[in-house]
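J.: Next input, structure requested:
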Amino acid sequence: MKIVTYSIKGSIWGKEFNLPIKYENSKNNEITDLQDKAISEFINNGFRHIDDMIYNVKEFIYGEIETHKDINNKLHIDMSLYNPNEGKKTLDKLIPNIFKIVKPRSIFVRDTKSTRIVIIDCSYKGETERGIGFCIVYKNGKFDTLGEGPKEDYHE
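T.: Numbers count the residues shown, from 1 in each chain. Below is the predicted model:
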């Protein structure tokens, strides 16, 4: 498998980023029509897909901290602020600035036969190794999965 990389500038959660777009290529080093359609669809929505996911991401981070206390040793989130009756408001108290916790690293476009798959690879604050963080996965233009794990796990 060969990865071909380009980059794009866009706004995610209100902040401008210049993110690499990585295309998985298994044939002739060329971007397939399906990959082109997948990334065009994502970009044409003005990155709205990921902006719409901010509370899902905050909920995911909260769940990760509850399960893996070592993550919070680096992130320093005051868990005493959590009140399950406040919904989104409590998540905003816990994580008022998402960028103090998370950094989008890249956009990854799978090479598949029929499914358009775009993956946003994110890392936690201070983590530089690939795979330490989580992915937001879109299939056929719609949100599919939010979770940890290497992007290679998301196959058709």
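J.: for Lys103, what are its contacts?
T.: 122-125 (C-beta atoms under 8 Å, 6 or more residues apart in numbering). The C-beta positions use only the backbone N, C-alpha and C, and glycine is treated the same way.
J.: can you pull up the bridge partners for it?
T.: Here Lys103 sits in beta bridges with Ser123, as judged by DSSP bridges.
J.: can you redo the contacts of Lys103 as CSV with neighbour count, pLDDT and distance to Val137?
T.: CSV is the format used below for those (neighbours: other C-beta atoms under 10 Å; pLDDT from 0 to 100; distance: C-beta to C-beta, whole Å):
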residue, neighbour count, pLDDT, distance to Val137
Cys122, 24, 89, 11
Ser123, 18, 86, 16
Tyr124, 16, 83, 18
Lys125, 14, 77, 22
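J.: Considering the residues you listed, which is situated nearest to Pro104?
T.: Nearest to Pro104 among those, counting by C-beta to C-beta, is Cys122 at 5.2 Å.
J.: and the residue lying closest to Gly14 once chain neighbours are set aside, how many residues sit next to it?
T.: Leaving aside its sequence neighbours, Gly14 sits nearest to Asp51 (C-beta to C-beta, 6 or more residues apart in numbering; 7.8 Å). Number of residues near Asp51 (other C-beta atoms under 10 Å) recorded here: 14.
J.: so where's this protein shaky on pLDDT?
T.: Across the chain, the ranges flagged by pLDDT under 70 are 1-4, 26-27, 46, 126-132, 148-156.
J.: hey, where'd the strands end up in it?
T.: 2-12, 15-25, 102-109, 117-124, 133-139, 142-147 (DSSP state E).
J.: If you count neighbours, what's buried in the longest helix seen in the chain?
T.: As assigned by DSSP state H, the longest helix anywhere in the chain is helix 54-67. Residues of helix 54-67 classed as buried: 54, 57-62, 64-65 (neighbour count, 16 or more other C-beta atoms under 10 Å).
J.: go on, stretch 65-82?
T.: Within stretch 65-82, the residues that qualify as buried are 65, 71-72, 75, 77, counting by 16+ other C-beta under 10 Å.
J.: How about stretch 32-48?
T.: In stretch 32-48, counting by 16+ other C-beta under 10 Å, buried: 32, 34-35, 38-39, 42, 47.
J.: Widest-spaced pair of those residues?
T.: Distance extremes for the buried residues of stretch 32-48: the farthest pair is Thr32 and Phe47 at 22.1 Å, using C-beta to C-beta.
J.: Ile43: what's its closest spatial neighbour, skipping adjacent residues?
T.: Per C-beta to C-beta, 6+ apart, closest to Ile43 is Ile8, 6.6 Å.
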